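# I'd like to go over a predicted model; first the sequence, then the structure.
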Amino acid sequence: MRKLTITSMIFIVLVFGFSLGYATELAVWSSPDNADALFELAQNFMQAHPEVQIEVTPLSWEVLYPRILQDITAGVGAFDVTTWDLMTAGAIAPGMLDLEAFAQEHPDLVDPDFDDDDFIPTARYIYGYWGDKRIGQPFYGAAMFFFYRQDLFQDKALQEKFQAQYDRELRVPETWQEAKEVAQFFTKKFNPDSPTEYGIGLMFPRTHTLFYMFLNFFGPYRRSPEGIEKFGEVDLDWGDLFTADHQPAFNSEEGVKAIQDMIDLLPYSSDPLGSDYGETLEAFSKGMVAMVPQWTACMASWQESPDLQPFEEKVGIAIMPGKAPVSGGWGVGINAFSKNQEAAFQFIQYATSKEGDKIQWLKYRVGPTRKSVIEDPEVIADAPWLKDVYLPSLEGASHRPRIPEEPRVEDVLVGTISEILLGQAPNSIETLNLVAEEWKKVLSK
Amino acid sequence: MMNSKKRKRTGFLLILPLLILFLGLTIYPLIYMIYMSFHQYSLASWEEPRFIGWENYREILRDRTASSSVSFTLFLLFTAVPLEILLGIGIAFLIRDVWGERALRSSLIIPMTIPPVVAGIAWKMLYNYEFGPINYFISLFGLPKVSWLGSQFFARLGVLLIDVWQWTPFIFLVIYAGLQSIPRDVVEASLVDGASGWSAMRYIELPLLRPLIWVTLIIRVIDVLKLFDIVYMVTFGGPGSATHSYSFYIYKVGISFGWDVGYASALSVILLLVVTILTNLLIRFLRLSETLGL
C-alpha cells in the first residue's frame, strides 16, 4: 500500500511538473472584431511553437477597455496580450510594454523579416505609439467608407432624371453639399420615383457612434487648407477636434457648419437619431437606402444579402464625402506586467507580420495595415478598392482624441450634438463654447 | 454559565463566515466609497488619489448631465411607480374568480421573469423604426411611424412602458397573494349585510392590503432609483439626455469614462443617501413600523 502511494505521488508530481514546465500559456484579450482572426493566427503560431498555448478571449468593447485599465493599474497581469482601440492609447500606455525597448533588450527575438517600415505610416503611429512609446503593433486598420448602390448610380434613366432636376450629372458625392442633393433625389418623400425609400443611412444615436460620425463632417473643414491655417496641423495624439496647441477646435464656425451639414441630411435618412450600426446596416442590406457611411465590417453581412446580389454590381465603395473620414482600428500590445513577455512578443510579431496581415484581410476582412499587403496581387484581385479607396482614406483620415480623458470629453460633446440635432439647443458657437469650457475643465483636472 | 458561554461562542463561530463576507463585501466597499468620494481618482490618469474635500459633491451641483439624469429618474418615479401600483392592484382584483384564473396568473408574471437585459434587446427590436412590430401595427391604422428611440418624448415613453410592462406583474403577484390571504367570511359577511362589491373592496379588502401596497411601493421606489439595465440596452440615455437615469450616469462616470472612481463614488453616495432617507421617510410616514412590527 505504502509503495503504491509513493509511486502514485511521484507520478502525479512528474506529470504536473512536466506540464508546468512544458507550456507557456498566453492569455490574449480581444475585441470581437479581431477575435476570429486572432484565433486562426494563434493556431498557426502554436503549430510553429508547440511550447506555447494561447487562449483568445473575446470581450465586448464596453467590457474590454475597463478590464484592461483595471488590470494594468492594479498590476495583476491577468492578460499577456490585448488588442486595444486606438482611442484608448493614452489611458493604457503607462501599463503597456514598450516594444521598441523590449526589442533592443531581446534582439534574438526580433524577426529579421518583420519590416516595421512596411506599415502604412499613419497606421504605424495611431495603432502603435503614444508619444514616443511603442505600445503596440498595428493590427486592424480602419476608416469609415461611403458605400453606395452602384447599380442605381449607373442607371441611365436615373442619371437623366438627376441631370434634369439638379442640372449636373449624377455621381457619387465627393462633398457633403453634393451628398445632400443626391440624398434628396433618392428619398421617396421628396422624389416619388426614387427606387429607394431613403437617400442616406445615418446613425446619430447618443452613443460614441455620434462622436465618430461628427468627425466625418468636421474633418473636411478641419483638414482644409483654411482649417490647417486656422487650427494648425493635427496632433495625432489629440486628434482633429483639437488645435495644434491642444485647444478645442470645434467651437468655431467650422464646427457649426459641420453640424449644419448633419442637420441638412436628417430628412433623407430613416430615423437617424434612433439608429445605430445595426439599423443602418439592415436598411442598406434590404435595399431601402442608396448610400451609407459605414465600416468595412458590414461588408460580410451585405455580401450575403439577397437584395444586394450580385454584390459586385450592386454595391460600390468610395471615400467619404469631404475626403476626411474618421479613423478606427486596433493595435495589439503586451501587458507590462505579463510574466510571458517573450512568448507574447513573438506572438504579436507573427500576428502583425506580412503573412498575418494578409490572412486577416483575405479570411476575416480585418483591414490591412501593411503597404505590401495592399499591393499584393492576390489582395488586389480580391479587393482592388483597397489601393484606391482604403489607403487614401486611412492616410487622409481625421482622428478622435487618443488622450486618457477621451471618454469623458466624448460624452460631453455627444450630449450637446444630440440636443442640437433634436432641436433642443441652437446650433451656434455659443452652444459649442459651453462644451469647450466643459472640455477644458475635464482636461484641467 | 459555561454552557451559555460555549453556546454563544458556537453561535458566533457559525455566523463568522457570513460576518466576514458582510464586512468584506458590504461594509468595506461602503466605507471605501465614502472615502474615495472626497478624492480625485481616475484610473485613466495614472495618478495617486488626491484629497479634494467636497469638490466632487460641488461638481454634482454644477453637472448638467447629473441634473438631467435626476430629472428623468424623478419622471419615472412619479409616472411608472403609481402606474404599476394601480395596474397591479387592478389586475389582481380583476382576474379573481374569472375563468382561466390560473393560466392568466401564470402568464401575467412572465415579464417579471425575463432578465432585463434580454427584455431590453427584445424591446429594442419592437421599437425599431423600419422593421419593428409596433410601428407595423401603427401603420395598419394609417398612422405615421413613431421614432421610439429618436424623439425625446417617445424615448421617455418607451422606457416608461418597458418598466411598467416588466414590474406591474410584481405588484400584481404580491397583491394577488395578499388577496388570497384575506378571510373570505369577512368579505361575505359584508355582502350579506348589504355592502356592494365595490364597498367591500374599498372598505375591507384594500385596508387589509395596505401594508403590502406600501411595501411594494418602497421596493419599486428603490428599484426605479437604481434603474440601469433597460436604459443601457435600449436607449443608452438618449436622444440628447432624455433617458439618462441616475444609475446609468454613475455607470458612465465610473466605468465608461475610464474609472473616474472619485466622482462616481460621490454620485453613488448621494444615491445611497436619497434611497436611505426616502425609504425611512416612507416607513415613518406610512407607519409601517407599527403595521409590520418593524
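Received it, and whenever you're ready, just let me know what you need. Nothing here was measured: the structure is a model prediction, and the numbers come from that model.
# low pLDDT regions in chain B?
B:1-2, B:258, B:288-294 (pLDDT under 70).
# how about the strands in it?
For chain B, the strands defined by DSSP state E occupy B:39-40, B:50-51.
# just say which of those strands is most tucked in.
strand B:39-40 (a mean of 20; mean count of other CB atoms under 10 Å in any protein chain shown). Every C-beta, even on glycine, is put in place using the N, C-alpha and C of the backbone.
# other residues contacting it?
A:445, B:47, B:49-52, B:55-56, B:261-262, B:265 (CB atoms under 8 Å, 6 or more residues apart in numbering or on different chains).
# remind me which residues of chain A are low pLDDT?
Checking chain A against pLDDT under 70 turns up A:1-22.
# quick check: end-to-end length of stretch B:54-69?
With CA to CA, to the nearest Å as the measure, stretch B:54-69 spans 21 Å from end to end.
# what residues sit buried inside that stretch?
B:55-57, B:59, B:63, B:65-66, B:68-69 (16 or more other CB atoms under 10 Å in any protein chain shown).
# assumed A:Thr57 was part of a strand.
Yes - assessed by DSSP: H, G, I helix; E, B strand; the rest coil, A:Thr57 belongs to a strand.
# quickly list what it is bridged to.
A:Trp29 (DSSP bridges).
# nearest spatial neighbour of the residue nearest the centre of chain B, skipping sequence neighbours?
For chain B, the residue nearest the mean C-alpha position is B:Asp223 (1.5 Å; CA atoms, centre = their mean). Leaving aside its sequence neighbours, B:Asp223 sits nearest to B:Trp167 (CB to CB, 6 or more residues apart in numbering or on different chains; 7.0 Å).
# middle-most residue in chain A, spatially?
A:Gly328 (2.1 Å).
# now do the helix or strand that contains it: which elements does it pack against?
In the assignment (DSSP states H and E), A:Gly328 maps to strand A:327-334. Counting contacts by 3 or more CB pairs under 8 Å, 6 or more residues apart in numbering or on different chains; DSSP states H and E, the secondary-structure elements packed against strand A:327-334 are helix A:32-48, strand A:81-85, helix A:99-105, helix A:121-126, strand A:137-143, helix A:341-351.
# out of the ones you listed, which is closest to B:Asn280?
The minimum distance between B:Asn280 and the helices and strands packed on strand A:327-334 falls on strand A:81-85, with 44.4 Å, by CB to CB.
# angle of that closest one against helix A:32-48?
Put simply, strand A:81-85 runs at 150 degrees to helix A:32-48, going by axes from the mean of the first three to the mean of the last three CA atoms, to 10 degrees.
# number of residues surrounding A:Ala244?
Neighbours of A:Ala244 under the rule other CB atoms under 10 Å in any protein chain shown: 13.
# columns distance to A:His208 on top of the contacts of strand B:39-40, output as TSV?
As requested, those are exported to TSV (distance: CB to CB, whole Å):
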residue	distance to A:His208
A:Lys445	21
B:Glu47	25
B:Pro49	27
B:Arg50	28
B:Phe51	32
B:Ile52	28
B:Glu55	28
B:Asn56	25
B:Val261	21
B:Gly262	23
B:Ser265	24
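# report the secondary structure state of the residue in chain A positioned nearest to chain B.
As assessed by CB to the nearest CB, chain B sits closest to A:Arg206 within chain A, at 2.5 Å. Counting by three-state DSSP, the backbone at A:Arg206 sits in coil.
# contact partners for it?
Applying CB under 8 Å, 6+ apart to A:Arg206 gives the contacts A:273, A:414-415, A:418, B:235-241.
# what do you get if the cut-off is 7 Å, keeping everything else the same?
Applying CB atoms under 7 Å, 6 or more residues apart in numbering or on different chains to A:Arg206 gives the contacts A:414-415, A:418, B:236-240.
# dump the residues you listed to JSON lines, plus neighbour count.
Shown next, in JSON lines, are those (neighbours: other CB atoms under 10 Å in any protein chain shown):
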{"residue": "A:Val414", "neighbour count": "27"}
{"residue": "A:Gly415", "neighbour count": "24"}
{"residue": "A:Ser418", "neighbour count": "24"}
{"residue": "B:Phe236", "neighbour count": "20"}
{"residue": "B:Gly237", "neighbour count": "29"}
{"residue": "B:Gly238", "neighbour count": "28"}
{"residue": "B:Pro239", "neighbour count": "28"}
{"residue": "B:Gly240", "neighbour count": "25"}
